[in-house]
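Participant: here is my input, please return the structure:
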Amino acid sequence: KKYKSHHITTTMSLKLYWISGSPYAYTCLISLKEKGLDFEDELLSASEGNLKTPEYLQKNFRGKVPVLSHTLDNGETIHLYESQAILSYLELTFKENPLIPDNNVQRAQALVTANETSYLSAISDVIKRTIFKGKELTDEDKAEVTNIVDKEFDHYENLLNANVSDNFLVSDSLTIADASLFPWLALLVRFGLSISGDKHPKLLNYYNNLNERESIQAYYPPHWKANPGNKDWLAFY
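Facilitator: Residues are numbered from 1 along each chain as shown. This is a model prediction of the structure:
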């Protein structure tokens, strides 16, 4: 797929490599779409070994997604990996439709929040070491997940309470903080977690509103669409 921008004139080429369901790749796709940039994307398959080919490992020796390839006017192609590095590069390189606020307070909060969303990956780690290996979640696992969710969701609820808009985390428009958080929320919901309207009403409203956004739906994980219905792994919460 290739999206054309009516705002940016450039002969430089951008291409993002991703896999379905990766929060890190999803974050970059949302950001590219929100910035209105010309870009191509290539959907890879980890199970088919796409991330371990010599060609791909030349782009990212770790064999992970996302990777952003940027071909410059002189024909040189650079490859970036690590989602937050990609977001920063896009903001520094392409000034149109900024996703980092001009206001220093909001800018600081957006940068911090975008980075700290990865603390939610600890929940995914629990699922990987148990469910993905055919094991059941123990009471200790459930307690660990509950503690993480309570702590992180309370934090985001507080940010929404303090912000001028209920629809975004740190300003009155979408920033890299929102692009970074939504994919993790979507993954946890896919795993069976319910965002409580009693405990975290603003976060629930925030999630539901963003879920309808064009940039969110454009790259909603294809295998989730093909197999609708959430798991019940985190239904205990």
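Participant: I'd like the next helix or strand past the helix or strand bottoming out on mean pLDDT in the chain.
Facilitator: In the chain, no helix or strand scores lower on mean pLDDT, DSSP states H and E than strand 2-3, which sits at a mean of 39. Moving toward the C-terminus from strand 2-3, the next helix or strand (DSSP states H and E) is strand 13-19.
Participant: which neighbouring elements make contact with that next one?
Facilitator: Where contact means 3 or more Cβ pairs under 8 Å, 6 or more residues apart in numbering; DSSP states H and E, strand 13-19 is packed against helix 23-35, strand 39-44, strand 67-71. Just so you know, the C-beta spots here come from the backbone N, C-alpha and C atoms, and that holds for glycine as well.
Participant: what's the most buried one of the ones you listed?
Facilitator: Compared across the helices and strands packed on strand 13-19, helix 23-35 shows the largest average neighbour count, a mean of 25 (mean count of other Cβ atoms under 10 Å).
Participant: thinking again about what came up before, can the helices and strands packed on strand 13-19 go into JSON lines with extra columns for distance to Gly134 and mean pLDDT?
Facilitator: Formatted as JSON lines, the helices and strands packed on strand 13-19 follow (distance: least, Cβ to Cβ, whole Å; pLDDT from 0 to 100):
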{"stretch": "helix 23-35", "distance to Gly134": "23", "mean pLDDT": "98"}
{"stretch": "strand 39-44", "distance to Gly134": "25", "mean pLDDT": "97"}
{"stretch": "strand 67-71", "distance to Gly134": "31", "mean pLDDT": "97"}
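Participant: between those, which one is nearest to Glu140?
Facilitator: helix 23-35 (24.6 Å; Cβ to Cβ).
Participant: quick one: the closest one to chain centroid distance?
Facilitator: Centroid separation for helix 23-35 versus its chain: 6 Å, with Cα atoms, centre = their mean, to the nearest Å.
Participant: same question for stretch 135-151.
Facilitator: The answer for stretch 135-151 is 22 Å, by Cα atoms, centre = their mean.
Participant: pLDDT of it, averaged?
Facilitator: Averaging pLDDT along stretch 135-151 yields 98.
Participant: who's in contact with that stretch?
Facilitator: Here stretch 135-151 makes contact (Cβ atoms under 8 Å, 6 or more residues apart in numbering) with 119-120, 122-123, 126, 129-131, 188, 193, 233-234, 236-237.
Participant: okay, buried residues for it please.
Facilitator: When neighbours are counted by 16 or more other Cβ atoms under 10 Å, the buried residues of stretch 135-151 are found to be Leu137, Asp141, Glu144, Val145, Ile148, Val149.
Participant: next, format those residues as JSON lines and append secondary structure and distance to Leu204.
Facilitator: Formatted as JSON lines, those follow (DSSP: H, G, I helix; E, B strand; the rest coil; distance: Cβ to Cβ, whole Å):
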{"residue": "Leu137", "secondary structure": "coil", "distance to Leu204": "23"}
{"residue": "Asp141", "secondary structure": "helix", "distance to Leu204": "24"}
{"residue": "Glu144", "secondary structure": "helix", "distance to Leu204": "23"}
{"residue": "Val145", "secondary structure": "helix", "distance to Leu204": "18"}
{"residue": "Ile148", "secondary structure": "helix", "distance to Leu204": "18"}
{"residue": "Val149", "secondary structure": "helix", "distance to Leu204": "13"}
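Participant: residues near the nearest residue to Arg190 once chain neighbours are set aside, how many?
Facilitator: Spatial nearest neighbour of Arg190, chain neighbours left out: Asn230 (5.5 Å); criterion: Cβ to Cβ, 6 or more residues apart in numbering. As a burial measure, Asn230 scores 15 neighbours (other Cβ atoms under 10 Å).
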